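Participant: Sequence and predicted structure below; questions after.
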Amino acid sequence: MKERRSKVDFDVIADRYDLWYESAEGAMYDHFEKKAISKFLPRNIQSMKLLEIGCGTGHWSQFFSEYGFEVTGVDVSERMIEIAQSKDVPNALFQIANGQSLPFGDGSFDVAAAITTLEFVDNAESVVQEMARCTRKSAGQLLIGVLNALAGFNRKRQQDPESLYAKARLFSPKQLKGLLDPCGQTNIITVAFVPRGKCLLPLSPLIDTVGRLLHLPYGVFVAAEVRL
């Protein structure tokens with residue numbers, strides 16, 4: 001019997017996974033998500049090693065590589081890893097591995113990241129513990145990004161039984177903080193307040209700014225850092 005490693009068989013969708021980022025809507029969400037994660041990135045990253053759990057096709061790996069990290073990306077999907085490797089991301093290595101049992105020694109990395117990954121694993125608590133174990137305890141950092149359970153856009157995604165989101169475990173900002181607090185000092189921001197309808201997309205920067213200034217909890221994306 002094949003080992004169950006994820007709630008979703010990502011091999012099936014791997015070849016069309018990046019199409020979301022090529023759409024106007026997907027590009028807008030991607031912009032806000034990366035802007036949020038950037039707020040938590042260290043200033044001086046010379047020779048810093050980053051472990052990315054659930055790297056998928058290497059979309060976020062490319063972002064971390066361009067920022068200057070030496071990236072090791074892992075995923076349970078063989079096809080996702082094949083696509084990531086085909087991109088020739090600078091200073092990045094990819095391999096198949098289960099986030100609940102990582103093949104790395106304690107404190108092997110300066111930073112461990114999981115972007116829209118915890119929603120799809122069987123045991124998010126176990127993955128976070130493994131991330132913390134593999135990250136050095138002196139100024140080490142975890143970077144987490146999840147889909148917000150409070151966002152109407154995400155709840156609508158889950159209503160489609162054929163969607164990969166139907167099986168996802170979404171987190172509210174409070175739930176994510178509760179998950180991460182045992183590991184260290186946690187900081188959380190909620191972003192990606194994007195209006196529905198393509199004709200309203202140009203208003204997204206303004207609406208997102210207002211949502212963040214008012215600290216509204218309903219943005220589509222929750223970004224978090226944990227200082228170990």
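Facilitator: Done, it's in.
Participant: mind listing what's buried in the longest helix belonging to the chain?
Facilitator: For the chain, the helix that runs over the most residues, judged by DSSP state H, is helix 24-38. For helix 24-38, the neighbour count (16 or more other C-beta atoms under 10 Å) marks 25, 28, 29, 30, 31, 32, 33, 34, 36, 37 as buried. The way it works is simple: take the backbone N, C-alpha and C, and place the C-beta from them, glycine included.
Participant: helix or strand for the closest residue in space to the second one that isn't next to it in sequence, which one?
Facilitator: The spatially closest residue to residue 28, leaving aside those adjacent along the chain, is residue 204, at 5.3 Å (C-beta to C-beta, 6 or more residues apart in numbering). The secondary structure element spanning residue 204 is helix 204-213 (assigned by DSSP states H and E).
Participant: Just list what that helix packs against, helices and strands only.
Facilitator: Judged by 3 or more C-beta pairs under 8 Å, 6 or more residues apart in numbering; DSSP states H and E, helix 204-213 is in contact with helix 24-38, strand 185-191.
Participant: Now these in a markdown table, please, with extra columns for distance to residue 200 and mean pLDDT.
Facilitator: Formatted as a markdown table, those follow (distance: least, C-beta to C-beta, whole Å; pLDDT from 0 to 100):
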| stretch | distance to residue 200 | mean pLDDT |
| --- | --- | --- |
| helix 24-38 | 10 | 95 |
| strand 185-191 | 17 | 96 |
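Participant: and the ones you listed as a markdown table, adding distance to residue 16?
Facilitator: Shown next, in a markdown table, are the helices and strands packed on helix 204-213 (distance: least, C-beta to C-beta, whole Å):
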| stretch | distance to residue 16 |
| --- | --- |
| helix 24-38 | 12 |
| strand 185-191 | 25 |
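Participant: Leaving out sequence neighbours, find the closest residue to the most centrally placed residue in the chain.
Facilitator: Central residue of the chain (C-alpha atoms, centre = their mean): residue 115, 0.5 Å from the mean position. With C-beta to C-beta, 6+ apart as the criterion, residue 115 has its nearest non-adjacent residue at 4.1 Å, and that residue is residue 145.
Participant: Surely residue 110 is in contact with residue 134?
Facilitator: No - contact criterion C-beta atoms under 8 Å: residue 110 and residue 134 do not qualify, at 10.4 Å.
Participant: Quick check: which ranges of the chain have low pLDDT?
Facilitator: For the chain, the stretches with pLDDT under 70 are 1-6.
Participant: Helices of that one, start to end?
Facilitator: Going by DSSP H, the chain shows helices at 19-22, 24-38, 59-67, 78-86, 124-134, 152-159, 173-180, 204-213.
Participant: what about residue 82, distance to residue 54?
Facilitator: 15 Å (C-beta to C-beta, to the nearest Å).
Participant: The two: who's more crowded?
Facilitator: residue 54 (24 against 15; other C-beta atoms under 10 Å).
Participant: who's in contact with the more buried one?
Facilitator: 74, 75, 99, 114, 115, 116, 117, 120, 121 (C-beta atoms under 8 Å, 6 or more residues apart in numbering).
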